[in-house]
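J.: Structure of the sequence below:
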Amino acid sequence: MDQTPITERSNALSANVDLSSPAEMIDIFRRCDQEIFDGFEGFPLSLQSAALKVKILKAAELCRNVFQQGGSCVLSGCGTSGRLAFLMAREFNAIYRKQLGMEPFRYIIAGGDEALFISKEAVEDKPWEGARELEEIDAKGPILFVGITAGLSAPFVAGQLDLCLRHPDHYVPVLMGFNPTHQARCDSIENWDKSFRDVASLVEDAEKDGKAVVLNPIVGPDTVAGSSRMKSGSVTKILLEVLFLLAMKGELKSSLDSILRYYEEVHRSFYSLAAEPLAKAISLCGQSLLSSRHIYYIGQSTNGILGLIDASECPPTYGATTDDIRGFLLGGYDEFGNKDGDLVELTGLSVYKISEDYFLYHILPACHEEDTIVLIQSVTPELSAVVRRSCCHVVEIQISESSEPVNDGSDSSDRSVRMHFDLCDPSAFVADQVACEMLRSFGVGLAVKWTLNALSTGAHIIKGKVCENFMVDLKVSNAKLFRRSVGIIQRFTQVGVEEATDALLRSIYEVETISTDLKAASISGHIAKATSKHKVVPRAMILAMNKCTLEEADTALQQCPLVRQAVKRASNSS
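T.: Below you'll find the model as predicted:
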């Protein structure tokens with residue numbers, strides 16, 4: 001039986017996604033996302049299972065009790081999980097402010113607000129930093145803490161959960177992830193006395209006493225093996241939305257089944273209506289990246305922020321630059337609403353420039369005909385007109401909802417795609433008017449997320465950044481990704497763990513022979529050296545396959561810039 005954690009496995013449904021046409025990719029994405037609702041390989045705890053629904057209702061009850069005592073909810077995570085923590089805190093503060101006159105949500109992301117845009121994943125390995133940031137939260141009353149870690153693996157979150165368990169009078173912990181708890185990471189955490197599995201077991205013990213909840217539906221491996229940005233990110237969004245909706249409106253607990261069915265219907269209607277124009281849009285985006293050009297997202301409010309999040313995930317996942325896919329937001333930092341405000345003022349770095357003015361006056365005038373601009377939901381008519389007049393490829397996303405979902409005729413040309421279609425109406429599932437209004441927004445947001453994930457994933461597959469269904473040009477920027485890189489090298493080269501590790505270290509340190517001292521060095525030291533380097537894993541794979549020198553491996557990559565082709569060529573010659 002495969003002992004690999006589910007979130008790290010290869011999904012059989014997407015095994016040949018690297019050989020697929022854009023239309024075939026979309027069908028693969030659809031079938032992988034269907035596992036959110038169907039479950040995976042008969043695991044008893046699925047999104048639709050009675051056992052998970054009991055846990056959701058318990059978490060909503062605990063949340064409601066905390067708010068009734070004047071307390072707060074803190075959402076925390078690393079990478080994608082931390083960005084979704086920010087997004088959900090922002091969105092639900094707006095909802096609760098309007099409905100209840102309160103703003104009880106806070107967020108923590110490992111690495112601080114800069115990590116909302118740029119990978120700061122090394123911080124993920126420091127449990128004491130997570131605990132410190134949680135202790136520093138300025139909030140009165142008790143705290144419901146939601147720690148999000150798709151693989152039940154992030155030391156940063158483990159430190160926060162450990163703090164909660166040591167202070168049960170002040171914190172109520174909720175652990176959210178998508179592996180069984182027996183698959184939580186058991187590796188020792190550098191400079192700490194527990195593993196994540198130790199902490200997860202303690203949370204389970206507290207759950208038996210009604211003082212904690214573990215929300216871990218098993219939804220199967222992601223489309224791209226090891227990634228948490230697609231399926232895991234979508235389930236995170238669904239669970240948090242359902243949890244905080246029920247915490248606000250306890251009378252809806254009897255409607256939980258119907259609410260979850262609504263999300264499943266959003267999945268069905270989205271993939272049935274979006275397939276044709278989305279395939280065309282993936283082709284345009286892939287053409288941009290293949291031409292060493294750019295994809296630009298621009299939108300407003302929550303859907304615009306989803307564009308920023310999707311863009312931020314590409315460098316660590318695909319070895320992309322921060323300019324390959326970039327997001328912009330109408331209203332800039334005034335609309336973004338992060339804790340630190342304008343990061344350009346704090347850092348002086350242009351990568352944090354997200355306003356529409358910067359896009360209009362600095363990005364758009366320099367655009368090339370092979371660039372693609374993606375307009376996300378209800379941008380201003382003036383902005384739409386300016387973009388349409390540009391020389392670029394243009395993708396327009398406009399998703400709404402009605403009682404009878406009908407595609408109104410999404411159209412496209414050789415250089416543009418217009419995706420305009422309706423999703424299902426939540427009033428067919430829930431009678432409460434306020435809940436329907438919220439679910440409409442949630443459903444559109446989920447469809448936008450699926451659209452953007454499909455565009456960026458499909459484009460990087462076309463660019464050759466995926467081999468079979470593995471990300472073969474990932475950044476080695478934390479302990480999890482170091483171990484994942486060793487596993488990928490093993491899988492494609494059929495060498496043992498020691499030889500795979502040696503190849504990775506040779507690539508990181510650019511040496512032909514690994515010394516005893518280097519082998520004995522800490523993983524954190526290797527990560528510090530590797531984080532700023534490019535094509536570390538592809539070079540290591542070629543080193544292991546061909547038993548060659550660094551110069552020969554670099555020559556192979558230069559002769560074949562598409563990483564997938566370079567790896568396959570090396571495999572065929574080994």
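
J.: CA atoms for contacts and neighbours, from now on please.
T.: OK.

J.: Okay, buried residues for the least confident helix or strand in the chain by mean pLDDT please.
T.: Within the chain, no helix or strand scores below helix 563-573, which has a mean of 82 by mean pLDDT, DSSP states H and E. For helix 563-573, the buried set under the neighbour-count rule, 16 or more other CA atoms under 10 Å, comprises V563, R564, Q565, A566, V567, A570, S571.

J.: mind listing the strands for the chain?
T.: Per DSSP state E, the chain has strands spanning 72-77, 105-109, 143-148, 171-176, 213-215, 295-300, 325-330, 372-376, 393-401, 416-423, 466-467, 470-471. These are given in chain order.

J.: so can I have TSV of the ones you listed showing mean neighbour count, mean pLDDT and distance to Y318?
T.: Formatted as TSV, those follow (neighbours: other CA atoms under 10 Å; pLDDT from 0 to 100; distance: least, CA to CA, whole Å):
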stretch	mean neighbour count	mean pLDDT	distance to Y318
strand 72-77	26	98	21
strand 105-109	25	98	21
strand 143-148	27	98	22
strand 171-176	25	98	25
strand 213-215	24	98	29
strand 295-300	25	97	14
strand 325-330	26	98	11
strand 372-376	26	97	18
strand 393-401	22	90	22
strand 416-423	22	89	25
strand 466-467	25	94	8
strand 470-471	26	94	6
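
J.: Redo those as CSV? Include distance to A431.
T.: Listed next are the strands of the chain as CSV, based on distance: least, CA to CA, whole Å:
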stretch, distance to A431
strand 72-77, 27
strand 105-109, 27
strand 143-148, 29
strand 171-176, 29
strand 213-215, 27
strand 295-300, 29
strand 325-330, 33
strand 372-376, 29
strand 393-401, 16
strand 416-423, 17
strand 466-467, 44
strand 470-471, 43
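
J.: In the stretch 451-574 of the chain, where is pLDDT below threshold?
T.: Applying pLDDT under 70 to the stretch 451-574 of the chain flags residues 574.

J.: ranges for the helices of it?
T.: Using DSSP state H, counting those that start in this stretch, the helices assigned to the stretch 451-574 of the chain run over residues 479-493, 497-509, 516-520, 523-530, 536-546, 550-559, 563-573.

J.: quick one, which of those is packed in tightest?
T.: Comparing the helices of the stretch 451-574 of the chain by mean neighbour count (mean count of other CA atoms under 10 Å), helix 536-546 ranks first with a mean of 26.

J.: Please list the residues outside that helix that contact it.
T.: 472-476, 485, 489, 492-493, 495, 499-500, 503-508, 530, 548-550, 553-554, 557, 563, 567, 570-571, 573-574 (CA atoms under 8 Å, 6 or more residues apart in numbering).

J.: Neighbours of L245, how many?
T.: 21 (other CA atoms under 10 Å).

J.: got it, and Q69?
T.: Residues near Q69, counting by other CA under 10 Å: 12.

J.: With F442 instead?
T.: Neighbour tally, F442, other CA under 10 Å: 20.

J.: Look up the closest residue to it, ignoring the ones flanking it.
T.: Distances taken as CA to CA, 6 or more residues apart in numbering put E241 closest to F442, at 7.4 Å, once the chain neighbours are dropped.

J.: longest helix in the protein, by residue count?
T.: helix 256-290 (DSSP state H).

J.: Against which helices or strands is that one packed?
T.: helix 22-38, strand 295-300, strand 372-376, strand 416-423, helix 433-462 (3 or more CA pairs under 8 Å, 6 or more residues apart in numbering; DSSP states H and E).

J.: and those as a markdown table, adding distance to Q3?
T.: Conversion of those to a markdown table gives the following (distance: least, CA to CA, whole Å):
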| stretch | distance to Q3 |
| --- | --- |
| helix 22-38 | 20 |
| strand 295-300 | 38 |
| strand 372-376 | 41 |
| strand 416-423 | 39 |
| helix 433-462 | 27 |
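
J.: For G220, find the nearest of the ones you listed.
T.: helix 22-38 (6.5 Å; CA to CA).

J.: hmm, who's touching that closest one?
T.: With CA under 8 Å, 6+ apart, helix 22-38 has contacts from 11, 13-14, 17, 46-48, 219-220, 222-223, 231, 235, 264, 267, 271, 275-276, 278-280, 282-283, 454, 458.

J.: nearest spatial neighbour of the spatially most central residue of the chain, skipping sequence neighbours?
T.: By CA atoms, centre = their mean, the chain has its centre lying nearest to R229, at 2.3 Å. Spatial nearest neighbour of R229, excluding adjacent residues (CA to CA, 6+ apart): T80 at 5.9 Å.

J.: How about A59?
T.: Of all residues not flanking A59 in the chain, V213 sits nearest, at 6.2 Å (CA to CA, 6+ apart).

J.: got it, and G70?
T.: Using CA to CA, 6+ apart, the closest residue to G70 is G141 (5.6 Å).

J.: I'd assumed Q69 was in contact with the one you found.
T.: Yes: contact criterion CA atoms under 8 Å: G141 and Q69 qualify, at 6.6 Å.

J.: outside of the least confident helix or strand of the chain, which residues touch it?
T.: 464-467, 472-473, 492-493, 538, 541-542, 545-546, 556-557, 560.

J.: How about stretch 76-86?
T.: Residues contacting stretch 76-86 (CA under 8 Å, 6+ apart): 75, 106-110, 115-116, 119-121, 124, 145-150, 154, 156-157, 228-229, 233, 236-237, 309, 313, 338.

J.: Taking helix 536-546 as reference, get the angle to the least confident helix or strand of the chain.
T.: Orientation check (axes from the mean of the first three to the mean of the last three CA atoms, to 10 degrees): helix 563-573 against helix 536-546 gives 10 degrees.

J.: got the angle for helix 563-573 vs helix 433-462?
T.: Going by the same axes, to 10 degrees, helix 563-573 is angled at 50 degrees with respect to helix 433-462.

J.: Dump the C-alpha coordinates for helix 563-573 into CSV.
T.: The C-alpha trace of helix 563-573 is given here as CSV (Å, rounded to 0.1, in the frame of the first residue of the first chain):
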residue,chain,number,x,y,z
VAL,A,563,12.6,21.8,-19.2
ARG,A,564,10.3,18.8,-20.0
GLN,A,565,12.0,18.1,-23.3
ALA,A,566,15.5,18.4,-21.7
VAL,A,567,14.5,15.9,-19.0
LYS,A,568,13.0,13.5,-21.5
ARG,A,569,16.0,13.8,-23.8
ALA,A,570,18.3,13.0,-20.9
SER,A,571,16.1,10.1,-19.9
ASN,A,572,16.2,8.6,-23.4
SER,A,573,20.0,8.9,-23.6
